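In: Need a 3D model of the sequence below.
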Amino acid sequence: MKAITLTAPGGLDRLRLVDVADPGEPGPGQIRVKLQASSLNFHDYLVVTGKIPAADGRIPLSDGAGVVEAVGAGVTEFAAGDLVVSCFFPQWQDGAAAVSDFVHTPGDGTDGYAREYVVVPATAFTRAPNGYSAAEAATLTTAGLTAWRALVVDGGIKAGDVVLALGTGGVSIFALQLAKAMGASVVITSSSDEKLERARALGADHTINYRQHPEWGRQVLEWTGGRGVDKVVEVGGPGTLEQSIRACRIGGHIALIGVLTGSAGEVPTALLMAKQQRLQGLIVGSRRHQQEMVRALEATSLRPVIDRTFPLAELADAFRYEESAAHFGKIAITIG
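Out: This is a model prediction of the structure:
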């Protein structure tokens, strides 16, 4: 079967389309999945460019969706023909966060989904939402579930809340869509007026060009009448955190889900304390969270925004497109 492998120490020119052994038939508790799609995340980019070291020959991509071809003994949750989507943390099934590394994360600590077939424990996948394409389902593993956990599981969003989402990448666009589906108002930022116009078309109530307004926290406060937003989906990290704290209301919730501006930096602790906010770091979610999200997506008829699709053989070009930051929403990969 075909697969993409990464030669250490990484780099987009070190991605190779190769033939690898077929995984065979599923054993007890396992399923065989014919993979049809994946999608790109910043975490995947860090792996393939060597910023997160990976084993030589690693198969990248943490997101995978496809059709079950066969089930092993004891598997009752799935049947042949089911469309399924992978879990970012296969070992975190339920309960409180129980993982702080990527040792078992596909595409990082273990081989990922840039390949045609996998045989894995049934618990490494959930069913996809009814009516979704494989490409749409593949956007849920990382970006969709991160936004869901930030707003719903940990953020406790409710109708009437005001949400701030930074940028127009996969997580932020999912956050915009989820928040609007749940009756919240949304403020979103970008450096592109064109992208902000697209965000307004998706329902954004207020948009801010952060290049034109570098103190955008003040803009958010003005728009909310000085109160601030209830929830922040913070993807930037140290370069944006101060403005997010300023934009958030007293007692509000800031979900720190990304490090696009760096992995370390100063935190205005006095301001955070004065505003008595809850700053919470999080990485994706559990299998149970994903199952709950799938039910919610079916109930709301929400569909992911896919900017552009590349075939597996052009994975390096897909990452170059991600690198350009030209995308709005998700970049999908077709497999097979």
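
In: Please identify the buried residues of the top helix by length along the chain?
Out: Assignment by DSSP state H gives helix 287-300 as the longest helix of the chain. Under the neighbour-count criterion of 16 or more other Cβ atoms under 10 Å, helix 287-300 has 287, 289, 290, 292, 293, 294, 296, 297 buried. C-beta coordinates here come from the backbone N, C-alpha and C atoms, glycine included.

In: List of residues touching that helix?
Out: For helix 287-300, contacts defined as Cβ atoms under 8 Å, 6 or more residues apart in numbering pick out 85, 87, 89-90, 92-95, 123, 126-132, 140-141, 144-145, 148-149, 152-153, 181, 285, 302.

In: Show me which of those are buried.
Out: Neighbour counting with 16+ other Cβ under 10 Å marks 85, 87, 89-90, 92, 123, 126-129, 132, 140-141, 144-145, 148-149, 152-153, 285, 302 as buried within those.

In: show me where the protein has helices.
Out: Under DSSP H, the chain gives helices at 42-48, 134-138, 145-148, 170-181, 193-201, 216-223, 241-247, 269-274, 287-300, 315-324.

In: what mean pLDDT does the second one have?
Out: Okay, so that is helix 134-138. For helix 134-138, mean pLDDT is 98.

In: re the thing from before, what distance separates the longest helix of the chain from the middle of the whole chain?
Out: 15 Å (Cα atoms, centre = their mean, to the nearest Å).

In: With stretch 95-103 instead?
Out: With Cα atoms, centre = their mean as the basis, the distance from the averaged C-alpha position of stretch 95-103 to the chain average is 16 Å.

In: Stretch 206-225 now?
Out: Chain-centre distance of stretch 206-225: 25 Å, with Cα atoms, centre = their mean.

In: Just the endpoints, please. Distance across that stretch?
Out: 13 Å (Cα to Cα, to the nearest Å).

In: what residues does it touch?
Out: With Cβ under 8 Å, 6+ apart, stretch 206-225 has contacts from 162, 164, 185-193, 196, 199-200, 227-229, 242-247, 249.

In: now do the same end-to-end measure for stretch 230-242.
Out: Stretch 230-242 has an end-to-end distance of 16 Å (criterion: Cα to Cα).

In: in it, what counts as buried?
Out: 230, 231, 232, 233, 234, 235, 236, 237, 240, 241, 242.

In: avg pLDDT for that stretch?
Out: Per-residue scores along stretch 230-242 average to 95.

In: How far off centre is it?
Out: Worked out by Cα atoms, centre = their mean, stretch 230-242 lies 16 Å from the chain centre.

In: hang on, the earlier thing: in strands only, show me the buried ones among the contacts of helix 287-300.
Out: Residues of the buried ones among the contacts of helix 287-300 located in strands (DSSP state E): 85, 126, 127.

In: Among these, which one sits closest to residue 325?
Out: residue 85 (25.8 Å; Cβ to Cβ).

In: Quick check: the closest one touching residue 128?
Out: Yes: using Cβ atoms under 8 Å, residue 85 and residue 128 qualify as a contacting pair, with a distance of 4.7 Å.

In: Name the residues contacting each of these two.
Out: Common neighbours of residue 85 and residue 128 (Cβ under 8 Å, 6+ apart) are 65, 137, 140, 294.

In: measure residue 134 to residue 124 for me?
Out: Counting by Cβ to Cβ, to the nearest Å, the gap from residue 134 to residue 124 is 16 Å.

In: and what of residue 157?
Out: As judged by Cβ to Cβ, residue 157 and residue 124 stand 28 Å apart.

In: mind putting the ones in strands among the buried ones among the contacts of helix 287-300 in TSV, distance to residue 58 and pLDDT included?
Out: Shown next, in TSV, are those (distance: Cβ to Cβ, whole Å; pLDDT from 0 to 100):
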residue	distance to residue 58	pLDDT
85	21	99
126	24	98
127	27	98
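
In: before we move on, the earlier item: in TSV: the shared contacts of residue 85 and residue 128, plus distance to residue 21.
Out: Shown next, in TSV, are those (distance: Cβ to Cβ, whole Å):
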residue	distance to residue 21
65	22
137	26
140	28
294	32
